[in-house]
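Chemist: heads up, no residue letters with this:
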Ligand code: ADP
Ligand code: MG
């Protein structure tokens, strides 16, 4: 029943490279949790601290309520898979998977049972006698995962485990990896910079930036209620606008868009008149209506460009205050549109997220 808890973890390399900066996180037994963030944000370092491969500068690591900060990695009972991991080239698949059990001197029958179970889980029984040189990249990845499963650790850590696979294998494998973990009832902590992977595979995601966790939530929570401009921008695709609160009532606030732009109704009533804000709406939540429409919550704009992407269109629209809006519209559109058309675009209040105007908007909107 692995439950992992990180309390105030800080890791400084050398004098002043702060890789992890006060991370608090609890991973429940049986949970599939992903650390997601741009390259260099501290995911691998956090992973290595949990695994015991790196000693934190400050803070504590708990496993099932027991502090393990001083326990060496081999005694933590954690299975690991990396993007580039060592497979012994002179051992066949079976022996590669059995290796860590053999060096720990388990009884022969138990080793056989474990290896068989692990190879079954990853669908590699038929390849048990094959050597690494004869395996494809996805098959090698399966061996790596089988090896981690075979260790009998109920806590598995994955660091970009699908990073070396082609896109088409990756999608398949994500679903499979999640299925394996759920079937075994194990706990998994998975590190990736790929938001699609995180969304697809996780029960919860912890979004990291510059050594800190910004938000922890289910994929749906992060998607529908990002708590910061960075998270709103990093997960999915959003439009961002500047404006000022000009009116407030029980249902929400009205925002006047910058440069005398249109007024937008929101359902966020936590703010006050006169505040400068940034608000966002996801590109797929922007709806188009014909110019004559009197649908509520619509504002006027002009279509600048339309890109056809098969199942959907990207429509680029300019508002009267010259702000641009990008809409992702399912194909075919509900009414004919072309470049130069004036249309009504709908910002439904429930789809609008409002944020304090930050000290440095450019920094908040950067994806690293
Ligand atoms: P991620 O896995 O999210 O890409 P890392 O945890 O690998 O990020 O790195 C976080 C930061 O710590 C980066 O700035 C990286 O350069 C630095 N870093 C990581 N490992 C070391 C190390 N062994 N020595 C010095 N700096 C390191
Ligand atoms: Mg990394």
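Modeler: Arrived safely, thanks for sending. All figures in this text were calculated on a predicted structure; none of them were measured in a lab. Numbers count the residues shown, from 1 in each chain. Ligands and ions are numbered 1, 2, ... in the order given.

Chemist: from the contact counts, what lies against the top helix by length along the chain?
Modeler: Assignment by DSSP state H gives helix 167-184 as the longest helix of the chain. If you count contacts as 3 or more CB pairs under 8 Å, 6 or more residues apart in numbering; DSSP states H and E, helix 167-184 packs onto strand 32-36, helix 108-121, helix 137-150, strand 187-192, helix 195-201. Where C-beta positions appear, they are placed from N, C-alpha and C, glycine not excepted.

Chemist: who touches it?
Modeler: 32, 121-122, 137-138, 141, 145, 149, 154, 156, 158, 161-162, 165, 187-188, 190, 197, 200-201 (CB atoms under 8 Å, 6 or more residues apart in numbering).

Chemist: coming back round to it: export the helices and strands packed on helix 167-184 to TSV and tack on distance to residue 236?
Modeler: Conversion of those to TSV gives the following (distance: least, CB to CB, whole Å):
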stretch	distance to residue 236
strand 32-36	12
helix 108-121	32
helix 137-150	27
strand 187-192	16
helix 195-201	8
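
Chemist: helix or strand next in line after the helix or strand residue 213 falls within, which one?
Modeler: Assigned by DSSP states H and E, residue 213 falls within strand 212-217. Sequence order places helix 219-224 as the next helix or strand after strand 212-217, per DSSP H and E.

Chemist: quick check: mean pLDDT of the next helix or strand after that following helix?
Modeler: On the C-terminal side of helix 219-224, the closest following helix or strand by DSSP H and E is helix 229-234. The average pLDDT within helix 229-234 is 96.

Chemist: could you say what helices and strands helix 229-234 packs with?
Modeler: strand 204-209, strand 212-217, strand 238-249, strand 276-282, strand 353-356, helix 361-365.

Chemist: related to what we said a few turns ago, out of the helices and strands packed on helix 167-184, nearest to ligand 1?
Modeler: Closest to ligand 1 of those is strand 187-192 (CB to the nearest ligand atom; 6.5 Å).

Chemist: ok, the closest one: who's next to it in the sheet?
Modeler: Its sheet considered, strand 187-192 pairs with strand 32-36 (parallel), strand 155-159 (parallel) by DSSP bridges.

Chemist: which of the helices or strands spans residue 11?
Modeler: strand 4-13.

Chemist: list the contacts of that strand.
Modeler: Contact with strand 4-13 is made by 18-27, 42, 45-46, 49-50, 54, 56-63, 65, 155, 187, 189, as judged by CB under 8 Å, 6+ apart.

Chemist: so which of the residues you listed are also by ligand 1?
Modeler: Contacts with ligand 1 within the contacts of strand 4-13, counted by CB under 6 Å from any ligand atom: 19, 42, 45.

Chemist: could the residues you listed go into a markdown table alongside pLDDT?
Modeler: Output for the ones next to ligand 1 among the contacts of strand 4-13, formatted as a markdown table (pLDDT from 0 to 100):
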| residue | pLDDT |
| --- | --- |
| 19 | 98 |
| 42 | 98 |
| 45 | 97 |
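
Chemist: okay, and which of those map to helices?
Modeler: Reading helices off the ones next to ligand 1 among the contacts of strand 4-13 with DSSP H, I get residue 45.

Chemist: what subset of the ones next to ligand 1 among the contacts of strand 4-13 is buried?
Modeler: Among these, those scoring as buried are 19, 42, 45 (criterion: 16 or more other CB atoms under 10 Å).

Chemist: the first one: what's it in contact with?
Modeler: For residue 19, the contacting residues are 11-13, 42, 45, 211, taking CB under 8 Å, 6+ apart as the criterion.
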